[in-house]
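Peer 1: Pasted the sequence and its predicted model underneath.
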Amino acid sequence: MKQQEDWGKVVPTRYWHTLADGRVQCDVCPRFCKLRQGQRGLCFVRANQNDQIVLTTYGRSSGYCIDPIEKKPLNHYLPGTPILSFGTAGCNLACKFCQNWDISKSREIDTLADEASPEKIAKAAHRLGCRSVAYTYNDPVIFLEYAIDVAKACREYDIKSVAVTAGYITERAGKEFFDYMDAANVDLKAFTEDFYYKICGGHLQPVLDTLRYLKHETDVWFEIATLLIPGENDSDKELEEMTQWGVENLGPDVPWHFTAFHPDWKMMDHPHTPASTLTRARKIAIKNGLRYVYTGNVHDEAGGSTYCHQCGEKLIGRDWYELTAWNLDEKGACKACGTPCAGIFEAKPGTWGARRMPVHLKDFAA
């Protein structure tokens with residue numbers, strides 16, 4: 001997109017059009033921000049400059065870190081392997097409970113201290129032994145052009161691309177974006193329009209549309225995460241409706257992670273999620289036909305492990321992010337009964353463990 005000396009500067013984008021009144025509408029997400037010259041969208045990183053929508057954070061990151069892939073969370077995609085994670089700044093939702101608010105709500109582009117070209121990221125991931133790169137910390141939808149270019153560079157090294165996203169993207173932009181993603185974790189934040197509108201500043205239906213699209217029109221491996229907030233989205237009724245919708249529209253094999261909320265940003269008045277709430281949600285989901293349901297942000301080895309839906313054998317044991325058991329054969333089937341386990345598995349699991357290792361890309365040659 002730009003010569004290497006220009007990494008970190010403004011670049012043109014593809015998804016926008018000019019309105020009759022002279023404003024320019026951004027079409028990358030369902031917010032459809034309509035901007036006059038010099039204005040920025042809610043995400044803060046896409047702006048109207050010279051009567052076109054540009055991305056202002058291309059090539060700049062809030063930092064890089066090697067994580068266990070289970071932290072994304074992805075439990076059925078290359079278990080045990082290391083993933084190079086990075087994000088930029090800004091977000092196209094306004095979740096009051098955001099647990100990465102210092103990044104997603106940043107208005108200080110100077111916080112993006114680490115600069116790197118897509119090729120440099122791909123080379124660093126390769127040299128560090130990472131099997132994949134995660135676009136995370138803030139939603140990659142808003143830095144779509146940068147994420148796609150990184151994914152293209154990673155393909156030269158057979159390094160996979162993982163989107164950690166809220167799925168708040170338009171159909172047209174989503175087709176291109178997910179064409180370059182190999183896996184995704186999609187945040188389904190709740191199952192009511194009221195929650196999305198009042199607490200996230202968005203709408204539910206576009207996220208459901210994204211999930212259906214991923215399932216029925218792509219080969220992207222994806223898992224779902226739902227942060228359960230006491231008194232907001234954790235009722236039996238909502239959990240029943242949400243998981244029934246999941247089975248009916250996405251099938252029984254999509255892994256689902258119910259994770260614990262801790263008070264943050266604009267929801268400091270809410271309590272931590274009790275472990276019992278996560279266990280209750282998991283039981284409801286399994287009762288409704290989901291085969292792979294997990295609890296997260298709590299110490300719960302039973303709720304974090306993978307079991308054969310046919311015979312009940314523990315297929316992958318997990319203690320936090322450490323793998324404690326592996327009972328899949330080389331084809332990803334249960335060793336006890338031969339039933340396939342849904343997912344993308346290699347003959348042997350990775351051995352990265354629970355380590356988290358910050359990385360400074362300035363230490364790597366381009």
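Peer 2: Nice, I can see it.

Peer 1: got the buried residues for stretch 174-189?
Peer 2: 174, 177-178, 180-189 (16 or more other CB atoms under 10 Å). For every residue, glycine as well, the C-beta is placed using N, CA and C.

Peer 1: Looking at those residues, which are in strands?
Peer 2: Ala183, Ala184, Asn185, Val186, Asp187 (DSSP state E).

Peer 1: Distance from stretch 229-247 to the middle of the chain?
Peer 2: Relative to its parent chain, stretch 229-247 has a centroid offset of 20 Å by CA atoms, centre = their mean, to the nearest Å.

Peer 1: Would you mark the buried spots in it?
Peer 2: Ile229, Glu232, Asn233, Asp234, Glu238, Leu239, Met242, Thr243, Gln244, Gly246, Val247.

Peer 1: Now do the contacts for Thr56.
Peer 2: Val10, Arg40, Val45, Arg46, Ala47, Ile109 (CB atoms under 8 Å, 6 or more residues apart in numbering).

Peer 1: for the buried residues of stretch 174-189, which one is nearest Gly167?
Peer 2: Gly167 lies nearest to Val186 out of these, by CB to CB, at 4.5 Å.

Peer 1: Who's the closest spatial neighbour of that closest one, skipping the chain neighbours?
Peer 2: Spatial nearest neighbour of Val186, chain neighbours left out: Gly167 (4.5 Å); criterion: CB to CB, 6 or more residues apart in numbering.

Peer 1: Put together CSV for the buried residues of stretch 174-189, with distance to Val220 and pLDDT on each row.
Peer 2: Converted to CSV, these look like this (distance: CB to CB, whole Å; pLDDT from 0 to 100):
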residue, distance to Val220, pLDDT
Gly174, 11, 98
Phe177, 10, 98
Phe178, 5, 98
Tyr180, 10, 98
Met181, 5, 98
Asp182, 7, 98
Ala183, 6, 99
Ala184, 6, 98
Asn185, 11, 98
Val186, 10, 98
Asp187, 15, 98
Leu188, 16, 98
Lys189, 20, 98
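
Peer 1: Redo those residues as CSV? Include distance to Ala163.
Peer 2: Listed next are the buried residues of stretch 174-189 as CSV, based on distance: CB to CB, whole Å:
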residue, distance to Ala163
Gly174, 10
Phe177, 7
Phe178, 7
Tyr180, 9
Met181, 5
Asp182, 9
Ala183, 8
Ala184, 4
Asn185, 8
Val186, 8
Asp187, 11
Leu188, 14
Lys189, 16
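
Peer 1: Tell me the secondary structure at the residue lying closest to Val24 once chain neighbours are set aside.
Peer 2: The shortest distance from Val24 to any non-neighbouring residue, by CB to CB, 6+ apart, is to Asn48 (4.8 Å). Assigned by DSSP: H, G, I helix; E, B strand; the rest coil, the conformation of Asn48 is strand.

Peer 1: any idea how far Asn48 is from Gly90?
Peer 2: 15 Å (CB to CB, to the nearest Å).

Peer 1: for Gln244, same thing?
Peer 2: Counting by CB to CB, the separation of Gln244 from Gly90 is 34 Å.

Peer 1: got it, and Leu35?
Peer 2: Applying CB to CB to Leu35 and Gly90 gives a distance of 14 Å.

Peer 1: and these two? which has more neighbours close in?
Peer 2: Between Leu35 and Gly90, counted using other CB atoms under 10 Å, the more crowded position is Gly90 (24 against 20).

Peer 1: tell me the phi and psi of the more buried one?
Peer 2: phi 90, psi 170 (degrees, to the nearest 10).

Peer 1: what element comes up after the lengthiest helix in the chain heading to the C-terminus?
Peer 2: Determined from DSSP state H, the single longest helix within the chain is helix 236-250. Next along the chain after helix 236-250, taking DSSP states H and E as the criterion, comes strand 256-260.

Peer 1: Which other helices and strands does that following strand contact?
Peer 2: strand 221-228, helix 275-287, strand 293-296 (3 or more CB pairs under 8 Å, 6 or more residues apart in numbering; DSSP states H and E).

Peer 1: and Ile344, which of these is closest to it?
Peer 2: Of those, nearest to Ile344 by CB to CB is strand 221-228, at 5.2 Å.

Peer 1: For the closest one, what is the distance to the chain centroid?
Peer 2: With CA atoms, centre = their mean as the basis, the mean position of strand 221-228 lies at 8 Å from the chain mean.

Peer 1: quick one: it to strand 256-260, angle?
Peer 2: Compare the direction of strand 221-228 with that of strand 256-260 by axes from the mean of the first three to the mean of the last three CA atoms, to 10 degrees and you get 30 degrees.

Peer 1: got the buried residues for strand 221-228?
Peer 2: Trp221, Phe222, Glu223, Ile224, Ala225, Thr226, Leu227, Leu228.

Peer 1: Between those, which sits nearest Leu55?
Peer 2: Using CB to CB, the buried residues of strand 221-228 come closest to Leu55 at Phe222, 24.5 Å.

Peer 1: how close does the residue nearest to the closest one when sequence neighbours are not counted sit to Thr210?
Peer 2: Once flanking residues are discounted, Phe222 sits nearest to Ala184: 4.3 Å by CB to CB, 6+ apart. Ala184 sits 9 Å away from Thr210, going by CB to CB.

Peer 1: Which segments of this protein make up each domain?
Peer 2: Split into domains by automatic domain parsing, the chain comes to 4-55, 60-363.

Peer 1: out of those, deepest packed?
Peer 2: Each of the domains of the chain was given a mean neighbour count from mean count of other CB atoms under 10 Å, and the largest, a mean of 19, is that of domain 60-363.

Peer 1: Show me how far that domain is from its chain's centre.
Peer 2: For domain 60-363 - counting by CA atoms, centre = their mean - the centre lies 4 Å from the chain centre.
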